[in-house]
Structures are given as structure tokens and as C-alpha cells.
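1. pasting a predicted model and its sequence here:
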Amino acid sequence: MSALRSFLKFLKRERAGFDGDLPSTGGYKRPKRLPKALDRPSVESLLGAIDVAKPDGLRDRAMFETIYGCGLRVSECVGLNLGDWDPEGGVVRVLGKRSKTRVVPVPRGTALWIARYLSAARPQLVRRPTEALFLSNRGGRLCRQTVYDRLEMWAKAGGLGGKIGPHVLRHTYAVHLLKGGADLRSVQELLGHESIATTQVYTQLDLEEVRRKYLRAHPRG
């Protein structure tokens, strides 16, 4: 749009047959790109591909189960401390954007993987006293890039094409909740969104899926 305006200004300046008003672009907004989400079989393929026989593999399984099961941002996940996990209450305390804290329910399956990691893998990874929940192979808190790299590795092992980042698991969490009947306001709170408009983007994904199914089924599709 800016290129068009520049060209029209040039024509007006050169009197090359254009003498009209320049179009206003104040109301133009670039369409919002829909977030990517996985279907349930793809999630199972990804998580099932993780080799849990090794401490770092068991950590990865627990970590990605947590991101998907609780809808966490990668920064929120690596920032988790041991004290944030409440196994008796079945919740985890999350420090989100702008240092805002929220409490998120932990699914039973996710809780089992966290417990397994804490008993069998974390003791083998720890090198020095630390409150970090998820540890690197060096015994310290995991960094964001390691989470990206490990997820991409396991996604390839699970046969998922394309680049998969932790944010895809967060998006998938939101979409699966909405498809399961969760109301938009609850999902907003669980994700830690300040505006419900941000959460509404996920409803468009469901509409897009309906459109694709319609086009496949309809004779004129």
C-alpha cells in the first residue's frame, strides 16, 4: 500500500494523467496470521517419539507435557521452580508477562510425567542446589533455545513435517480446550492474555477447519 501511494504521488507530481485524491490507508490493517496448531494424533506422535529411557529424554517428555497440558509460554516453562508445582492441589503457579502470576490446573497425565521426572531424572541431572524445575544436562536452569532445539528434534523423530516450536503446543492447548467446550473467558485466563481479543484468534482456527471439511465434502468444493 505504501508503494502504491508513492507511485501515485509521483504521477501527480509529474502531471502524468493523475489528478485525484490519494487513497487513505489509515484503516488498512494487515490480516492477522492464524497460529499453527496440531491435531491430537500429531500431539501423540510427537510426545510418543521422545526417548524417556534417558534422563534428558524423560525431562523433555515432562516439559513438553507441561507446555501442552498447561498452555505455557516457553519463558514461563523454563522459569518454573520446584515450589511452583503443587501436586496435592493439582496446579502450577506461573509467572507470566509483566510479572503477572496465574494458577493453572495440571492434567492428571501431565502430573504423572512431572512426578516421574522428579523422582527418576532430575536427581541425575542436578549438579548443585537449584530451585529450577527443569534442568539442563549441566544441572542448571534450561535456556529457551534448548527447548526449541529439543522440540524440533523430537518433532522430526515423530514424523511431523515443518518447524515446530513450543508456541505451537501452547496454541494447540487453546484450540483443544475450545473444541472441548471450554468458554473463551476461561481460556483467556488460563493463557494469561490481557485482552480477550487475543484469545478469539483461536476460534478462527476452528472455523477454518469447518471450511476445509466443507470444501472437501461439497460437490462444488
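-> Here it is on my side, so go on.
2. how about the contacts made by the nearest residue to Gly140 once chain neighbours are set aside?
-> Using Cβ to Cβ, 6 or more residues apart in numbering and skipping the chain neighbours, the partner closest in space to Gly140 is Thr130 (6.5 Å). The C-beta positions use only the backbone N, C-alpha and C, and glycine is treated the same way. The contact partners of Thr130, by Cβ atoms under 8 Å, 6 or more residues apart in numbering, come to 139-141.
3. buried subset of those residues?
-> Listed as buried from the contacts of Thr130 are Arg141; burial here means 16 or more other Cβ atoms under 10 Å.
4. any idea how far the residue nearest to Gly140 is from His176?
-> Separation of Thr130 from His176 (Cβ to Cβ, to the nearest Å): 32 Å.
5. pull up the distance across stretch 178-197, start to finish.
-> 15 Å (Cα to Cα, to the nearest Å).
6. the contacts of Thr130 in strands, which ones?
-> Among the contacts of Thr130, no member falls in strands (criterion: DSSP state E).
7. which of the contacts of Thr130 lies closest to Leu160?
-> Of all those, the one sitting nearest Leu160 is Arg141; the distance, using Cβ to Cβ, is 27.0 Å.
8. looks to me like the residue nearest to Gly140 is in a helix.
-> No: under the criterion used here (DSSP: H, G, I helix; E, B strand; the rest coil), Thr130 is coil, not part of a helix.
9. dihedrals phi and psi, it?
-> When quoted as degrees, to the nearest 10, the phi and psi of Thr130 stand at phi -150, psi 150.
10. please enumerate the strands of the chain.
-> Counting by DSSP E, the strands of the chain are 85-86, 91-95, 101-105.
11. which stretch among those is buried most, on average?
-> strand 91-95 (a mean of 19; mean count of other Cβ atoms under 10 Å).
12. off-centre distance for it?
-> 16 Å (Cα atoms, centre = their mean, to the nearest Å).
13. residues touching it, excluding its own?
-> 66, 70, 72, 76, 79-80, 83-86, 101-106, 192.
14. stretch 82-101: end-to-end distance?
-> The stretch stretch 82-101 measures 15 Å between its terminal residues, going by Cα to Cα.
15. repeat that for stretch 116-131.
-> Start to finish, the residues bounding stretch 116-131 are 17 Å apart (Cα to Cα).
16. list the buried residues of it.
-> Within stretch 116-131, the residues that qualify as buried are 116-118, 121-122, 125, counting by 16+ other Cβ under 10 Å.
17. quick check, nearest of these to Gly48?
-> For the buried residues of stretch 116-131, the residue nearest Gly48 by Cβ to Cβ is Arg116; the value is 15.1 Å.
18. you'd agree Gln188 is up against Tyr202?
-> No: distance between Gln188 and Tyr202: 9.9 Å, which falls outside the contact criterion (Cβ atoms under 8 Å).
19. quick one, which of those two is more surrounded?
-> In this comparison of Gln188 against Tyr202, neighbours counted by other Cβ atoms under 10 Å, the higher total goes to Tyr202 at 24 against 19.
20. from Gln145, how far out is the more buried one?
-> In this structure, Tyr202 and Gln145 are 26 Å apart, going by Cβ to Cβ.
21. Trp113 now?
-> For Trp113, the distance to Gln145 under the criterion Cβ to Cβ works out to 22 Å.
22. the two - which one has more neighbours?
-> More crowded of Trp113 and Gln145, by other Cβ under 10 Å: Trp113, with 23 against 10.
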